[in-house]
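**Student:** Structure here, sequence nowhere to be found:
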């Protein structure tokens, strides 16, 4: 059974930082695409970052490029999302997801984890 466990959300002031974690089990970690999505109230779910750790291939949406960094720890089967220079518009529920075959900023992953709330106050 594939499981993705997201954690690390919370409340932070604008300009601050948070690091999200996604612990992955049940699939071949290295050559799967692991992604972060977010969904703000009243908005569609948005893919923001993705990594394939075997070749360290990363991709970001324009909305987070330069502020967020996705990274993986293969020994722990965990993907991180370091979020810096946070803005109130980054407030959303953040989800991690995985796909065995898609590459790039994936849109329809095979597996979803539960969400973690990130709230950025102004």
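**Tutor:** Cool, got the structure. Computed from a prediction, not measured in an experiment: that's the story for all the values here.

**Student:** Backbone dihedrals for residue 88, please?
**Tutor:** Backbone dihedrals for residue 88, given as degrees, to the nearest 10, come out at phi -60, psi -30.

**Student:** so it touches residue 120, yeah?
**Tutor:** Yes: Residue 88 lies in contact with residue 120 (Cβ atoms under 8 Å); the separation is 5.0 Å. Using the backbone N, CA and C atoms, a C-beta is placed for each residue, glycine as well.

**Student:** Now list whatever residues contact both of those two.
**Tutor:** Among the neighbours of residue 88, those also in contact with residue 120 (Cβ atoms under 8 Å, 6 or more residues apart in numbering) are residue 14.

**Student:** These two: which is more packed in?
**Tutor:** Set residue 88 next to residue 120 and count neighbours by other Cβ atoms under 10 Å: residue 120 wins out with 20 against 11.

**Student:** What confidence value was assigned to the more buried one?
**Tutor:** According to the prediction, residue 120 has pLDDT 98.

**Student:** quick one: it is in a helix?
**Tutor:** No: counting by DSSP: H, G, I helix; E, B strand; the rest coil, residue 120 is located in no helix; its state is strand.

**Student:** ok, it touching residue 16?
**Tutor:** Yes: proximity of residue 120 to residue 16 meets the contact threshold set by Cβ under 8 Å, at 7.5 Å.

**Student:** Common neighbours of these two, please.
**Tutor:** The contact sets of residue 120 and residue 16 overlap at residue 86 (Cβ under 8 Å, 6+ apart).
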